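J.: how would this look folded up:
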Amino acid sequence: MTAEVEAKAPVIGIRHLQALLLFITITSIYIGRLNAGVSVVAMTNAESTNPDFPEHNWTPAQISYILSSFYWGYVITQFLGGYLCKLFGVKSVMFWAIFISGVCSAVTPLCIGWGGWGAYCGIRVLMGFAQGIIFPCIHQHLARWSPPQERNRLGALSHTGIECGNVLSMFVSGMIAKGPMGWPGISYISAIVAFVCCALWFVFASNNATESRFISDAEKKYIEESLQHGQNFHKAVIPIPWRAIWTSVPFMALLVARCSESWGLSTLQAEIPAYMHGVLEMDIGSNALFSALPFLAMWIMSYVYLIFADVLLTRQLLSLTGIRKTMNSLAFWIPAVTLIGIGFLDVDHKTWAIVLMTISVGVNSGATIGSSLNSIDLSPNHASILMGIINTAANAVPIATPLVAGVIVTEKSDRTQWQIVFIISSVIFFVGNCIYLAFGTAVSQPWDAEDFLLEKRIERVEDEEQMSKRRKTSN
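T.: Residues are numbered from 1 along each chain as shown. All right, here's what the predicted structure looks like:
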């Protein structure tokens, strides 16, 4: 790409609008995904919200099924999402996935009135199916729209929708439940947000720069030229090099890193509150501020990481690979230390527990730039496929985390048992990042190229011809 083309590109353009659409989309789906935690409390304890709406007498086991049912569907369709957006394009797949998720939110109160907690589980599974498709599409969309020098910026900006959705789902859902709409209003508002997101996506989103009717010629040329290696906007779907993907050392290192991050984060988010309740005798779940504080820290820190990475990349102080590994090390190794520190706190150090938990979750936001966006680096053409594989594995990990903790912690107030849980997570954080440091890279892999499979086929044919000649010569 020439300096002249880059200079003519608008500072703020349609590529930033696409990142904003992704931010709104992620915020929308996280509101729909996480509002069940607040909804269930309102449904089972009407006196704490609006008593004018029906109260359901569900057991703790039934509530746990409701809260986990979303992920039963979510894990299954991750891989499918990567494949569908390769076939039909990101725009249409994303639109229908968001729309179905919105419909699920809209009919939730009706389903609960008809079938109780079982129907609630069923509609949450369907919502999980729909939302499982979305994140592979998001990474494919970023690969099509983000020039390499802006990938950190656009990718991190869009992914901050995760923290925004977390915070809004906690605060806004509680306010709605206490208002005149009651707990059904949580689902209705979530549906409206999803449908508005669908409308914005339908009008302003495009599969790539060449299809956008809003983009300027200067920005289109800037994006196309910067993505000329590995981007094939006008051509047929590129065959997926399955063997090359599964035998790629950088990809396997990324897969290990993402699963390690999922294990550590699930410990931070799920097990530490249980530890604080059992050992430190405090219930942060009953305090909205304490519940949202880690996510507020995560949201703020994501912009700190973004600015830091931009400075390093713009001033050429580190390569993209160096930035990825530096950010990932901070996101993994600082929580590894704080996790162990939390395990040594007692009932007299509640404030320190909140501080260390907030630091751990906040610092972990660097994993977005550190490794989450790395699938786009390795293969812009197959980013959705890579993300589908990674997200399937990473979202299966939190299923095992509480099971392991449950085997180790037989007495909730025993700090020694909890220390074992935290040490295991710290080791996984540490080793996972070591593997990523040793074998990870931000360099596009040879198997990303359109002609890679063709070259391999030609090589096989040539090898077969040579073998045939040798046999004839030997005979």
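J.: For the helix or strand containing residue 377, enumerate the helices and strands it packs against.
T.: Assigned by DSSP states H and E, residue 377 belongs to helix 374-378. When contacts are defined as 3 or more Cβ pairs under 8 Å, 6 or more residues apart in numbering; DSSP states H and E, helix 374-378 sits against helix 134-145, helix 151-159, helix 249-266, helix 320-342, helix 383-408. To be clear about C-beta, it is placed using only N, CA and C from the backbone, and glycine gets the same treatment.
J.: how far away is the spatially most central residue of the chain from residue 373?
T.: For the chain, the residue nearest the mean C-alpha position is residue 135 (6.4 Å; Cα atoms, centre = their mean). Distance, residue 135 to residue 373, by Cβ to Cβ, to the nearest Å: 12 Å.
J.: ok now do residue 173, which residues does it touch?
T.: Contact analysis of residue 173 by Cβ atoms under 8 Å, 6 or more residues apart in numbering lists 31, 35, 38-39, 186.
J.: and it, how far is that from residue 146?
T.: From residue 173 across to residue 146, the span is 32 Å (Cβ to Cβ).
J.: Does anything pack onto the helix or strand containing residue 218? Which helices or strands?
T.: Taking DSSP H and E as the definition, one finds residue 218 inside helix 217-226. When contacts are defined as 3+ Cβ pairs under 8 Å, 6+ apart, helix 217-226 sits against helix 3-8, helix 14-44.
J.: any idea which of those scores lowest on pLDDT?
T.: The stretch with the lowest average pLDDT out of the helices and strands packed on helix 217-226 is helix 3-8, scoring a mean of 56.
J.: now the helix holding residue 377: mean pLDDT?
T.: Mean pLDDT, computed over helix 374-378, is 89.
J.: if we look at that helix, which residues are touching it?
T.: Contacts of helix 374-378 (Cβ under 8 Å, 6+ apart): 139, 142-143, 146, 151, 155, 248, 250-251, 254, 320, 324, 383, 386-387, 390, 440-445, 448.
J.: What of stretch 201-209?
T.: Residues beyond stretch 201-209 that count as contacts (Cβ under 8 Å, 6+ apart) turn out to be 14-15, 17-18, 21, 25, 89-91, 94-95, 98, 141, 144-145, 212-215, 219-220, 223-224, 231, 233.
J.: now the end-to-end length of that stretch.
T.: For stretch 201-209, the separation between the terminal residues is 15 Å (Cα to Cα, to the nearest Å).
J.: That stretch: how far from the chain's middle?
T.: Using Cα atoms, centre = their mean, to the nearest Å, the distance from the centre of stretch 201-209 to the centre of the chain it belongs to is 21 Å.
J.: What residues of that stretch count as buried?
T.: By neighbour count on 16 or more other Cβ atoms under 10 Å, the buried set for stretch 201-209 is 201, 205-209.
J.: again, but for stretch 176-194
T.: Taking 16+ other Cβ under 10 Å as the criterion, stretch 176-194 shows 176-177, 182-187, 189-191, 193-194 as buried.
J.: Just the ones of these in helices?
T.: If you go by DSSP state H, these have 176-177, 182-187, 189-191, 193-194 in helices.
J.: what about residue 138, distance to residue 375?
T.: Where residue 375 is concerned, residue 138 sits at a distance of 11 Å (Cβ to Cβ).
J.: same thing with residue 298?
T.: Distance from residue 298 to residue 375, by Cβ to Cβ: 21 Å.
J.: Compare these two (neighbour count), which wins?
T.: The neighbour comparison of residue 298 against residue 375 (other Cβ atoms under 10 Å) goes to residue 375, with 29 against 24.
J.: element containing residue 57, please.
T.: Following DSSP H and E, one finds residue 57 outside all helices and strands.
J.: for residue 85, helix, strand, or coil?
T.: Following DSSP: H, G, I helix; E, B strand; the rest coil, the label given to residue 85 is helix.
J.: what angle do the longest helix along the chain and helix 134-145 make?
T.: The helix that spans the most residues within the chain, counting by DSSP H, is helix 90-132. In this structure, helix 90-132 runs at an angle of 150 degrees to helix 134-145, with axes from the mean of the first three to the mean of the last three Cα atoms, to 10 degrees as the basis.
J.: got any ranges where the stretch 351-475 of the chain has weak pLDDT?
T.: 450-475 (pLDDT under 70).
J.: how many other residues sit next to the closest residue to residue 246 other than its chain neighbours?
T.: Residue nearest to residue 246 in three dimensions, not counting chain neighbours: residue 252, with 8.0 Å by Cβ to Cβ, 6 or more residues apart in numbering. If you count neighbours by other Cβ under 10 Å, residue 252 ends up with 15.
J.: before we move on, what about residue 346?
T.: For residue 346, the neighbour count with other Cβ under 10 Å is 12.
J.: for it, helix, strand, or coil?
T.: In three-state terms, and counting by three-state DSSP, residue 346 is coil.
J.: Need the phi and psi values for it.
T.: phi -120, psi -170 (degrees, to the nearest 10).
J.: now it: how far from residue 419?
T.: Distance of residue 346 to residue 419, given as Cβ to Cβ: 12 Å.
J.: of the contacts of residue 173, closest to residue 82?
T.: Within the contacts of residue 173, proximity to residue 82 (Cβ to Cβ) peaks at residue 31, which comes in at 23.9 Å.
J.: mind checking pLDDT for the residue nearest to the centre of the chain?
T.: In the predicted model, residue 135 carries a pLDDT score of 86.
J.: Likewise for the one 3 residues further on?
T.: Residue-level confidence at residue 138 comes out at 90, pLDDT.
J.: Any of the contacts of stretch 201-209 buried? List them.
T.: Among the contacts of stretch 201-209, those buried by neighbour count (16+ other Cβ under 10 Å) are 14-15, 17-18, 21, 25, 89-91, 94-95, 98, 141, 144-145, 212, 215, 219-220, 223-224, 231.
J.: follow-up on the earlier one: wait, the residue nearest to the centre of the chain touches residue 78, no?
T.: Yes - taking Cβ atoms under 8 Å as the definition, residue 135 is a contact partner of residue 78 at 7.2 Å.
J.: Check the contact lists of the two and give me the overlap.
T.: 387, 391.
J.: if we can go back for a sec, pull the most distant pair out of the ones in helices among the buried residues of stretch 176-194.
T.: So, those by Cβ to Cβ: farthest apart are 182 and 194, at 19.7 Å.
J.: rewinding a little: in a markdown table, list the ones in helices among the buried residues of stretch 176-194 along with pLDDT.
T.: Putting these into a markdown table (pLDDT from 0 to 100) gives the following:
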| residue | pLDDT |
| --- | --- |
| 176 | 84 |
| 177 | 79 |
| 182 | 82 |
| 183 | 82 |
| 184 | 87 |
| 185 | 89 |
| 186 | 88 |
| 187 | 90 |
| 189 | 92 |
| 190 | 92 |
| 191 | 94 |
| 193 | 93 |
| 194 | 94 |
